[in-house]
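J.: got a predicted structure here, sequence first:
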Amino acid sequence: MKLKVLPKSQRKHTHYLVLDIKSEEELSKNDFTSIVWDSCVRFQGENNTSNFSLWTIELIKNENVSFFNEYKAILRCQRGFEYEVRSCLALTHKYNRKRISITCIGISGTIKGCSKFI
């Protein structure tokens with residue numbers, strides 16, 4: 001039996017956050033995902049974090065040579081929880097005893113709309 005796809009009106013609505021990340025050490029996509037989940041669980045708790053529907057879409061490394069490793073990331077979250085996710089990420093300042101800074105550059109309803117921030 002073939003599975004039916006939900007109509008667009010019944011799916012969860014998502015928004016995309018474009019993030020600017022500065023870190024003292026190299027990050028992979030899995031490292032970044034664990035940072036996001038850990039900071040959200042610490043600040044909001046497991047019950048609220050499960051409502052966020054967080055998903056890392058893309059992690060792009062900037063090739064600029066500087067003291068910090070610079071990245072841009074696209075993070076998907078459920079509509080209505082963007083500001084909770086932003087507040088959780090703003091509180092993150094350490095990862096593996098190294099400094100890290102995550103700031104939100106912009107919010108978009110589509111991945112294509114995120115391109116103007118990157």
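T.: Thanks, I have the structure now. All values reported here derive from a predicted model rather than from experimental measurement.
J.: any idea which helix is longest in the chain?
T.: helix 29-52 (DSSP state H).
J.: buried stuff in it?
T.: 31-33, 35-36, 39-40, 43-44, 49, 52 (16 or more other Cβ atoms under 10 Å). Backbone N, C-alpha and C define where each C-beta goes, glycine included.
J.: can you tell me the element the residue nearest the centre of the chain falls in?
T.: Per Cα atoms, centre = their mean, the C-alpha nearest to the average position across the chain is that of residue 75, at 3.3 Å. Assigned by DSSP states H and E, residue 75 belongs to strand 69-78.
J.: what helices and strands are in contact with that strand?
T.: For strand 69-78, the contact count by 3 or more Cβ pairs under 8 Å, 6 or more residues apart in numbering; DSSP states H and E identifies strand 14-23, helix 29-52, strand 55-61 as packing neighbours.
J.: let me see the mean pLDDT of it.
T.: What strand 69-78 shows for mean pLDDT is 94.
J.: who does it pair with, and is each partner parallel or antiparallel?
T.: Partners of strand 69-78 in the sheet, by DSSP bridges, are strand 14-23 (antiparallel), strand 55-61 (antiparallel).
J.: among those strands, which is nearest residue 88?
T.: With Cβ to Cβ as the criterion, residue 88 lies closest to strand 14-23 of these, at 11.1 Å.
J.: neighbouring contacts of that closest one?
T.: 27, 32, 53, 57, 68-79, 82, 85-86, 89, 95, 98-111, 113-114, 117-118 (Cβ atoms under 8 Å, 6 or more residues apart in numbering).
J.: then stretch 89-98?
T.: With Cβ under 8 Å, 6+ apart, stretch 89-98 has contacts from 19, 23-25, 31, 35-36, 39-40, 42-43, 99-104.
J.: about what we covered before: now, of the strands paired with strand 69-78, which is deepest in the fold?
T.: strand 14-23 (a mean of 20; mean count of other Cβ atoms under 10 Å).
J.: appreciated, that's everything.
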